[in-house]
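*Asks:* mind folding the following:
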Amino acid sequence: MIYETKTILVLRRDLAGWQAANVAAFLAGGLAGAHPHIVGEPYRDSGGRTYTPLIREPVFVYGATLEELRRTHQRILSRELVPAIYIEPMFVTTNDADNRAVVAAAPADALDFVGVGVHGPRKTIDKIVNGLKFLS
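*Replies:* As a prediction, this is how the structure comes out:
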């Protein structure tokens with residue numbers, strides 16, 4: 001099925017495996033919270049046990065350098081979409097309030113991105129990620 005919308009995560013290529021997984025989880029959670037329509041129905045197994053719903057459409061994950069992340073962020077903002085972001089200083093915080101505080105203290109024009117995510121119209125998202133390669 002081809003959806004009219006698309007969800008993407010762009011992660012800095014030099015992250016350790018645990019960092020990439022952590023950042024992807026935070027970004028996907030943020031996007032699901034901001035766009036509840038991307039969440040599907042709960043799952044049930046043959047024994048009747050219920051499992052949580054998942055994001056209903058594929059999430060495409062790209063790799064990027066810091067400069068490419070900043071360019072992607074600018075492309076997102078120029079199209080008036082609201083991204084999920086994760087910056088380097090968030091790795092040393094231990095809670096949501098501290099995460100928001102380090103973002104609030106960071107220079108807006110020089111954010112030290114390790115990941116950005118966005119959900120929006122498919123054609124718009126394709127323009128945003130133009131030139132990026134999937135994370136491998």
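*Asks:* which helix or strand contains the residue positioned nearest the centre of the chain?
*Replies:* Most central in the chain under C-alpha atoms, centre = their mean is G117, positioned 2.5 Å from the mean C-alpha point. G117 is part of strand 113-121, with elements assigned from DSSP states H and E.
*Asks:* show me what that strand is packed against.
*Replies:* When contacts are defined as 3 or more C-beta pairs under 8 Å, 6 or more residues apart in numbering; DSSP states H and E, strand 113-121 sits against strand 5-12, helix 17-34, helix 66-78, strand 84-87, helix 122-128. Backbone N, C-alpha and C define where each C-beta goes, glycine included.
*Asks:* and these as a markdown table, adding mean neighbour count, mean pLDDT and distance to D98?
*Replies:* Putting the helices and strands packed on strand 113-121 into a markdown table (neighbours: other C-beta atoms under 10 Å; pLDDT from 0 to 100; distance: least, C-beta to C-beta, whole Å) gives the following:
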| stretch | mean neighbour count | mean pLDDT | distance to D98 |
| --- | --- | --- | --- |
| strand 5-12 | 23 | 98 | 21 |
| helix 17-34 | 17 | 98 | 13 |
| helix 66-78 | 17 | 98 | 22 |
| strand 84-87 | 23 | 98 | 12 |
| helix 122-128 | 16 | 98 | 29 |
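*Asks:* turn these into TSV, columns for distance to L54.
*Replies:* Formatted as TSV, the helices and strands packed on strand 113-121 follow (distance: least, C-beta to C-beta, whole Å):
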stretch	distance to L54
strand 5-12	12
helix 17-34	9
helix 66-78	24
strand 84-87	17
helix 122-128	19
